[in-house]
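Peer 1: here's my sequence, what's the structure:
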Amino acid sequence: MDVTLDTIRNIKIYQSRTGYRFSVDALLLYDFVNLQKVTGIADLGSGSGIVGILLAKKYPDAEVTLFEIQNSLAMLAEKNIVLNSLEDRIKVIKTDIREIKNVDSSPVIPRYFDLVVSNPPFRILKSGCISAEEEKAIARHEIKLKLHELVNAASYLLKAKGRFCIVYHPHRLSELMELLKKKDLEPKRLRFVHSHFLSEAKMVLLESVKGGRMGMKIDKPLYIYKKDGSYTEEMEKIYNPE
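Peer 2: Presented below is the predicted three-dimensional model:
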């Protein structure tokens, strides 16, 4: 595989040069997680492992399980785990998330994790141009995983009061909330992401709680760019912490 070696925050990541590469979505999802303590983390659709690896650095006592269906990305994730010396705390499980209940591998058991994260494909099959590159197509369109299947898996894995954090498209926010509630995942914290101050939201970050009470907090908006096209101070800190 033709790969590049990239540095982001305090980690290094191998990525396919022509296939799927992480975007700002992954960093925003990582930054959105604000729990004080975490012991078990699951990343559904982990790609090359960036979110799970960053969270493992953020929570040094946590064990992280990466779930990825694409063999090429799962192999990259395993390589990146070793590259960042985290093989004692991060595990990759190559599986179809739709079949997660049939995975016979620890710790894939009901109600085990206190945090599940996902940066899933958000385009339905009839929307947008589907990439000719298979890695990109599966990562962006609901070819292998639909939204309700993702929510089902998150609910299955989470313990009572566990958190599910997702980055998604605002256009499907009402659908997402409806599906979460059906699986006893109560939306509790929401943040809209805008390209700049005058643009409409391009992404949404949402945290839900397994068995949580009704009542949701709306965080202040996150702006990626200033008027001159440079990153805002908040984005600079997300990319390059002091």
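Peer 1: any idea how far stretch 81-90 is from the chain center?
Peer 2: Relative to its chain's centre, stretch 81-90 lies at 18 Å (Cα atoms, centre = their mean, to the nearest Å).
Peer 1: change the start of the numbering to 127 and stick with it
Peer 2: Done: numbering now begins at 127, and the last item shifts to stretch 207-216.
Peer 1: buried set for that stretch?
Peer 2: For stretch 207-216, the neighbour count (16 or more other Cβ atoms under 10 Å) marks 207, 209-210, 212, 215-216 as buried. The C-beta positions use only the backbone N, C-alpha and C, and glycine is treated the same way.
Peer 1: most widely separated two among those?
Peer 2: Pairwise distances across the buried residues of stretch 207-216 (Cβ to Cβ) peak at 14.0 Å, for the pair L209 and R215.
Peer 1: next structured bit after the helix or strand of the chain with the lowest mean pLDDT?
Peer 2: Using mean pLDDT, DSSP states H and E, helix 260-266 stands out as the lowest-scoring helix or strand of the chain, at a mean of 48. On the C-terminal side of helix 260-266, the nearest following helix or strand under DSSP states H and E is helix 273-283.
Peer 1: show me what that following helix is packed up against.
Peer 2: Packing partners of helix 273-283 (3 or more Cβ pairs under 8 Å, 6 or more residues apart in numbering; DSSP states H and E): strand 166-170, strand 239-244, helix 299-308, strand 311-320.
Peer 1: dump it to CSV, keeping only the CA atoms.
Peer 2: Taking C-alpha atoms only, helix 273-283 is exported to CSV below (Å, rounded to 0.1, in the frame of the first residue of the first chain):
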residue,chain,number,x,y,z
LEU,A,273,-27.5,5.0,10.5
HIS,A,274,-29.9,2.8,12.4
GLU,A,275,-27.5,-0.1,12.3
LEU,A,276,-24.8,2.1,13.8
VAL,A,277,-27.1,3.3,16.6
ASN,A,278,-28.1,-0.3,17.3
ALA,A,279,-24.5,-1.3,17.8
ALA,A,280,-23.7,1.7,20.0
SER,A,281,-26.6,0.9,22.3
TYR,A,282,-25.6,-2.7,22.4
LEU,A,283,-22.1,-1.9,23.5
